[in-house]
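Participant: sequence first, predicted coordinates after that:
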Amino acid sequence: SAAEMLVGVGSSVPETYLTNHDLERLVETSDEWIVTRTGIRKRHVLGKGETLAQHGITSAKRALEMAGIAAEDVDLVLFATSSPDDVFGSACQAAIGARHAVAFDLTAACSGFVVALVTAAQYIRAGTFRTVLVVGGDALSRFVDWRDRGTCILFGDGCGAVVVTANPDSEAQGAILGMEMGSDGEGHKHLHCTYAGGGLKPLGDGPTPSSHAAYSNIYMAGQDVFKFAVRTVPAVIDGALAKANLQKDAVDWLVMHQANQRILDAAAQRLGLPADRVVSNLSQYGNTSAASIPLALDEAVRGGRIQKGDKIAMAGFGAGLTWAGAIVRW
Ligand code: ACO
């Protein structure tokens with residue numbers, strides 16, 4: 001059977017961004033509160049007329065370019081998102097020229113990217129597809145209630161993508177060395193997003209207090225989700241390590257969902273990883289949901305930190321509730 005390998009990564013975020021000081025003008029908050037509670041300093045948000053798919057397309061093109069693979073050779077496009085422009089599906093398949101590809105969206109909130117990556121590997125191992133483009137992207141700025149200081153300070157928009165192909169060496173080990181995933185529907189009460197006006201029909205032209213008025217789209221019981229995350233992430237990584245038959249010290253990098261610096265620190269401590277082995281770009285992007293892991297991976301790879309062959313502990317967690325971790329060889 002075939003083994004998967006990761007051959008390209010790319011990302012894209014909107015140019016427009018909001019600093020914590022910008023948010024001080026929208027809601028009763030402060031730069032100091034946001035930085036100490038979350039670690040976030042700014043977040044990119046879709047501008048007027050901009051869509052999530054545009055960033056999906058750019059990140060896909062960048063990842064394919066790194067891989068040296070033509071779009072028409074892609075067999076499957078998986079778009080992990082909870083905030084599509086079009087709920088029927090995100091059509092970046094056509095726009096990048098992946099005309100032979102099957103394409104579908106996959107929704108698992110902030111766990112979506114890891115779930116999609118694992119899904120891609122299953123198709124390759126089964127021999128069904130050889131080249132899969134996995135995109136993770138969200139535009140929660142279109143859904144958030146910009147009057148709710150408990151959530152609007154957290155989220156940012158963006159996309160990231162990886163290209164996964166069948167390793168021509170049939171003896172090779174796969175890139176997903178071990179994984180652990182799960183869900184808890186009982187936890188839905190702590191975090192949910194009811195639909196109103198997606199990217200193609202936004203309720204306003206961006207983050208203003210009046211846009212999305214009368215809708216409180218994202219509800220989050222922050223402390224319950226925080227406790228869930230701090231408990232679940234180390235367990236998920238332990239589970240993935242056990243399946244990979246590896247010890248903690250085999251992990252070179254932690255590239256996990258960027259929701260809160262305190263959650264990142266807690267997970268790193270449990271893994272015994274020093275801070276310089278934890279990829280964190282949360283301060284610049286906020287919580288970009290399904291985009292956060294490929295966005296962080298792209299920066300670390302292009303910045304020369306993560307090298308070919310390095311072992312990465314990935315962990316996503318979020319609404320559902322859902323969680324997904326994997327030990328991945330870059
Ligand atoms: N500015 C100022 N004060 C605020 C703000 C704000 N932006 N937001 C809340 N507060 C206030 C609260 O009203 C509360 O005031 P009170 O004590 O008078 O009631 C106080 O600050 C403390 O609020 P808490 O919610 O207890 O603050 P906490 O330390 O828990 O931090 C946070 C909140 C940052 C949301 C944290 O709970 C967290 O990160 N949770 C996890 C979120 C997460 O990981 N989500 C991932 C999944 S997202 C997805 O799947 C879509």
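Facilitator: Yep, that arrived. Numbers count the residues shown, from 1 in each chain.
Participant: C-alpha from now on. contacts and neighbour counts both.
Facilitator: Noted.
Participant: report the buried residues of the longest helix anywhere in the chain.
Facilitator: When every helix of the chain is counted residue by residue (DSSP state H), the longest turns out to be helix 222-244. Of the residues in helix 222-244, those buried by neighbour count under the rule 16 or more other CA atoms under 10 Å are 225-226, 228-230, 232-242, 244.
Participant: okay, strands next: where are they in the stretch 1-150 of the chain?
Facilitator: With strands called from DSSP state E, counting those that start in this stretch, the stretch 1-150 of the chain shows them at 4-12, 17-19, 42-44, 76-80, 102-106, 131-138.
Participant: centre of the chain to stretch 225-245, how far?
Facilitator: Using CA atoms, centre = their mean, to the nearest Å, we find the averaged C-alpha position of stretch 225-245 to lie 17 Å away from the chain's own average C-alpha position.
Participant: picking up where we left off before, give me the mean pLDDT for the longest helix of the chain.
Facilitator: In this model, helix 222-244 has an average pLDDT of 94.
Participant: check which helices and strands it sits against.
Facilitator: Contacts of helix 222-244 with other secondary structure elements, assessed using 3 or more CA pairs under 8 Å, 6 or more residues apart in numbering; DSSP states H and E, are made with strand 176-183, helix 261-271, strand 311-318, strand 322-329.
Participant: show me the one of those that comes nearest the ligand.
Facilitator: Nearest of those to the ligand, taken as CA to the nearest ligand atom: strand 311-318 at 3.3 Å.
Participant: can you pull the buried residues of that closest one?
Facilitator: Under the neighbour-count rule (16+ other CA under 10 Å), strand 311-318 has 311, 312, 313, 314, 315, 316, 317, 318 buried.
Participant: ditto for stretch 90-99
Facilitator: Applying a neighbour-count criterion of 16+ other CA under 10 Å, the buried positions in stretch 90-99 are 90, 91, 92, 93, 96, 97, 98.
Participant: the longest helix of the chain vs strand 322-329, what angle?
Facilitator: Using axes from the mean of the first three to the mean of the last three CA atoms, to 10 degrees, one finds that helix 222-244 and strand 322-329 are set 40 degrees apart in direction.
Participant: what is the subsequent helix or strand relative to helix 222-244?
Facilitator: Next along the chain after helix 222-244, taking DSSP states H and E as the criterion, comes strand 253-256.
Participant: does the ligand have contacts with that following strand?
Facilitator: No. Using CA under 6 Å from any ligand atom, strand 253-256 never reaches the ligand; the gap is at least 11.3 Å.
Participant: can you tell me what sits against that strand?
Facilitator: Here strand 253-256 makes contact (CA atoms under 8 Å, 6 or more residues apart in numbering) with 264, 268, 273, 277-280, 292-293, 296-297, 306, 310-316.
Participant: can I get it in PDB, CA atoms only?
Facilitator: Presented in PDB, the C-alpha positions along strand 253-256 are these (Å, rounded to 0.1, in the frame of the first residue of the first chain):
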ATOM      1  CA  TRP A 253       8.100  20.800  17.100                       C
ATOM      2  CA  LEU A 254       4.700  21.600  18.500                       C
ATOM      3  CA  VAL A 255       2.400  23.100  15.900                       C
ATOM      4  CA  MET A 256      -1.000  23.200  17.500                       C
END
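Participant: torsion angles phi and psi at residue 260?
Facilitator: Summarising the backbone geometry of residue 260 under the convention degrees, to the nearest 10, its torsions are phi -160, psi 130.
Participant: which residue packs closest to it, ignoring adjacent ones?
Facilitator: The shortest distance from residue 260 to any residue that is not its chain neighbour, by CA to CA, 6 or more residues apart in numbering, is 4.7 Å, and that residue is residue 38.
Participant: dump the residue contacts of that neighbour.
Facilitator: Contacts for residue 38 were tallied using CA under 8 Å, 6+ apart; they are 154, 259, 260, 261, 262.
Participant: separate out the buried members of the residues you listed.
Facilitator: With neighbours counted by 16+ other CA under 10 Å, the contacts of residue 38 contain buried members at 154, 259, 260, 261.
Participant: measure how buried residue 275 is and give me the count.
Facilitator: Counted with other CA atoms under 10 Å, residues neighbouring residue 275 total 14.
Participant: kindly report the same for the one 10 residues further on.
Facilitator: One way to gauge burial is a neighbour count; for residue 285, by other CA under 10 Å, it gives 28.
Participant: right, is the longest helix of the chain up against the ligand?
Facilitator: Yes. In terms of CA under 6 Å from any ligand atom, part of helix 222-244 sits within range of the ligand, namely 222, 223, 225, 226.
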